[in-house]
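A.B. asks: structure, please.
(chains A and B)
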There are 2 protein chains.
Amino acid sequence: MTQEAVLKHTSGAAPWQGAKPLPSLAVLTVGTLLWFCPTPEGLDLKTWHLFAIFVTTIFAVIAKPLPMGSIALIALGFCVASGTLTLEAGLSSFNSPVVWLVLFAFFTARGFVKTGLGSRIAYLFVRAFGSSTLGLSYALAFSDLLLAPVVPSNTARGAGILFPIVNALCVEQGSTPQEGTTRLLGAYLMKVVFHANIITSAMFVTALAGNPLIVSLAGEVGVTMTWMGWMTAAIVPGLINLLVLPWALYMLYPPEIKHTPSAPHLAREALHKMGAMSRAENLMITTFLSLLVLWIFGESWGVSATATALFGLGFLLATGVLEWDDLLKEKTAWSTLIWFAVLLMMASQLTKMGMISWFSENMRAAVTSFDWGWSFLILGLVYFYSHYFFASATAHISSMFSAFLVVMMAAGVPGGLAAMTLAVLSSLCACLTHYGTGTAPVYFGAGYVSVSDWWRLGGTLGLIHIALWATVGGAWWKMIGLW
Amino acid sequence: MTQEAVLKHTSGAAPWQGAKPLPSLAVLTVGTLLWFCPTPEGLDLKTWHLFAIFVTTIFAVIAKPLPMGSIALIALGFCVASGTLTLEAGLSSFNSPVVWLVLFAFFTARGFVKTGLGSRIAYLFVRAFGSSTLGLSYALAFSDLLLAPVVPSNTARGAGILFPIVNALCVEQGSTPQEGTTRLLGAYLMKVVFHANIITSAMFVTALAGNPLIVSLAGEVGVTMTWMGWMTAAIVPGLINLLVLPWALYMLYPPEIKHTPSAPHLAREALHKMGAMSRAENLMITTFLSLLVLWIFGESWGVSATATALFGLGFLLATGVLEWDDLLKEKTAWSTLIWFAVLLMMASQLTKMGMISWFSENMRAAVTSFDWGWSFLILGLVYFYSHYFFASATAHISSMFSAFLVVMMAAGVPGGLAAMTLAVLSSLCACLTHYGTGTAPVYFGAGYVSVSDWWRLGGTLGLIHIALWATVGGAWWKMIGLW
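C.D. replies: Presented below is the predicted three-dimensional model:
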């Protein structure tokens, strides 16, 4: 027997490495209580069971008895073992384009790091705005705004384009999860850029894949929305929200690096040392610009954001900018593939099984007796906070938007106001969780922000968003005659 | 700029790391010629293009301008970019249960290695049969035979149960791809067990997921096949094939370790040193036995092989026998997920687009003018060798079995003989490639056998199988009145 084999064997007698006992107990308790809870009228047992598993899984992701990937596989196993879902239904989201867009975006981001192009861009940013962290965060937020009207996938924009730059900035400033220096800069910057992306998504019809769907759903119930009308309504509260965000997070979740007067000087030196662009950097920037062009114009040519990401990755692999082994080493990407697909699957299946429409129906019965102001408020909040149960804006929109719009209008809310409010909330609600939209698993998966911080800040920013859009938005929408 | 960043940047100026120029040129030439080849009558252009991409991809896998994962992603990208397939069709096999069975089997196999249980089993084997490599190979081949009548997924049997044991045996004998010692033992043993599994698949209705499909397809055209009838026909040539196989490979692909008289003694000592089973080993053997029971009886309880593998993996993760990071470190598993899903997708899409039925139709026109003996021979060989284009027995069977059976019978071949011949060939043809059945990517993916060796030996063994079943089988089938 070799030494190694002896060691391997001995490690079998090591302390318990399975699920942590206390969090497991909590998760099992919650799960059991929900599972055996009487099924609400109008829902069948399997739908209720899937809902119980979904809530328990989310709870387990927070209580963390095991890493998220393990939780996802165990939850998937339980769905199938309990007969709640067939194996085919359980695996059904593994071919979802949004799952692969996320994976391909992770891999492409690796190219920015590997070639040094990310560092170069980071140094250029630092040279221009690096004297303060706040300056940096505004620069990034407004880069996203610049791209938003023409990049209709918020994931392509936030995860494909901006994430690698943010990531490179953090690494270059010495803030990484590996070194335990997340709060130095990365945690703050990741949250700013993630949330900026959510705000810009609400500002243009073409800033989110779900927005054109909203326009057509609203049209079906008689509310006409146009590109210009949407932009006109959203630009004022949106800009103010975008101005408030970096500063608000700067107060709520301060980065440790605040003033960096020496940074621009250092950046200038570093850029000088780097010299001219290498071949790999040139290939990387070519890929980046091609991706940008395809993400901007691709939808009108029939090329989806995922297909674009796949072409870019194929080019990087063929030219050797990325090697196959680089992809295999991206453990976070593979982890995300598993847990994101499982959560997306549960959310889709809940919608398919009628949980969401049942829920909308029940809300309708509850609010039509109120004054429209109350109905508007309650329905808006329910629509917003129900996103805790969604892993995609498109799923949320397609399952709830029409029902809520109709109920609001039945309660007396002016159609234009109701549609625009729900439209904006459809984007903003993605701020709540670390799985609520395609960019979330990328920014969360980078490892800078803990689940509890993510949810706490998401909740607080949700309140700030609602307050800003209700006051500034409400006043502006009155001025432009939306109500 | 940190030292690391400087190094990273400098590495950007390294020599070309992309696709190897000469193999790339060959692949591009083959691809271009096929792509622009006139489309055969009866096929539409897109089907022909997909066929061209499929053949080019297979050629690229052999010519190796890049690792297989990169080739698969680039091929997938080309399918979508050229408009041959939609993105949705391109991603369609990523939720195929057989793909996930392979992945889960890889992960479970890790548990045998990590806990030391694999080593223990290996030592027990070595203690009992280890005085010769040939003895070992017969022991493994007949273990598979023992399981075959009751484990209806050849992947569960070959990849889930036997692969970890074979793998542990090779590692313990110092034969690993990492150390460049594949030919010491592993290459030979992997091939023996892979091919034994293929032979046993042909011997019982319940030894391969596709076999019950064959029984029902044959029934539809008036040929009755029963469990007993199948076994009676297959047991004699099957047993002889299984007896010949380890010896034939021993001649064709000799292991360097042949006589190991000291091995049983060493194994006894090692087992003594290992002492009692650890908790992790006990959990692992519990999982193994539960998997075995569920794989044997699961199908009749409605629990598929993939679901069983998922439950087992979930249990191993919950109990900490495997940790999430162990799974992320299994790079081969993630690689296989990508390339196996892409090849399976292409094969499925070719069938869906009518390539296979077009092909069967053309064969029909060609052979009905011959004497039935010739038709029988030609159709059998075409059926067998067309498996070069298939990544799954089920796909092969569902797309070609009925057509070929009908054509054979139309040419005058007795129905029972035709059905049984095609049934047996449906299993045996999996010997040809490293993607022809669910076990193939596992045994090939282990890295012991090069693509060229795999195909060369597969081709030779294919001829041996055909010769044995034609002579011994033919005589036996005459005796039992099949023709």
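A.B. asks: which residue packs closest to the residue of the stretch 301-450 of chain A found nearest chain B, ignoring adjacent ones?
C.D. replies: Scanning the stretch 301-450 of chain A for the residue nearest chain B gives residue A:320, at 2.9 Å (criterion: Cβ to the nearest Cβ). C-beta here means a position set from N, CA and C on the backbone, and glycine is covered the same way. Distance criterion Cβ to Cβ, 6 or more residues apart in numbering or on different chains; nearest residue to residue A:320, sequence neighbours excluded, is residue B:18 at 2.9 Å.
A.B. asks: and residue A:173, by the same measure?
C.D. replies: Taking Cβ to Cβ, 6+ apart, and ignoring the residues beside it in sequence, residue A:173 has residue A:185 as its nearest neighbour in space, at 4.9 Å.
A.B. asks: excluding its backbone neighbours, what's nearest residue A:184?
C.D. replies: The spatial neighbour of residue A:184 that comes closest, neighbours along the chain excluded (Cβ to Cβ, 6+ apart), is residue A:175 at 3.8 Å.
A.B. asks: also residue A:208?
C.D. replies: Nearest residue to residue A:208, sequence neighbours excluded (Cβ to Cβ, 6+ apart): residue A:201, at 4.1 Å.
A.B. asks: quick check: residue A:218 touching residue A:226?
C.D. replies: No: using Cβ atoms under 8 Å, residue A:218 makes no contact with residue A:226, being 10.6 Å away.
A.B. asks: before we move on, back to that, so the residue nearest to residue A:320, which of the three states?
C.D. replies: Judged by DSSP: H, G, I helix; E, B strand; the rest coil, the three-state class of residue B:18 is coil.
A.B. asks: up against chain B, what does the stretch 201-350 of chain A have?
C.D. replies: Counting by Cβ under 8 Å from any Cβ of the partner chain, the positions of the stretch 201-350 of chain A adjacent to chain B are A:266, A:269-270, A:273-274, A:278-281, A:304, A:306-307, A:310-311, A:313-314, A:317-321, A:323-325, A:327-329, A:331, A:334-335.
A.B. asks: what is the neighbour count of residue A:42?
C.D. replies: The burial count assigned to residue A:42 is 12, neighbours taken as other Cβ atoms under 10 Å in any protein chain shown.
A.B. asks: and it, what does it touch?
C.D. replies: A:358, A:361-362 (Cβ atoms under 8 Å, 6 or more residues apart in numbering or on different chains).
A.B. asks: where does residue A:159 land on pLDDT?
C.D. replies: Reading off the confidence values, residue A:159 has pLDDT 84.
A.B. asks: neighbours of whichever residue of the stretch 151-300 of chain A sits closest to chain B, how many?
C.D. replies: Evaluated by Cβ to the nearest Cβ, the stretch 151-300 of chain A has residue A:278 as its residue closest to chain B, separated by 3.5 Å. In terms of burial, residue A:278 registers 20 neighbours under the definition other Cβ under 10 Å.
A.B. asks: with residue A:475 instead?
C.D. replies: Other residues close to residue A:475 by other Cβ under 10 Å number 11.
A.B. asks: how near is it to chain B?
C.D. replies: When distances are taken as Cβ to the nearest Cβ, to the nearest Å, residue A:475 and chain B turn out to be 44 Å apart.
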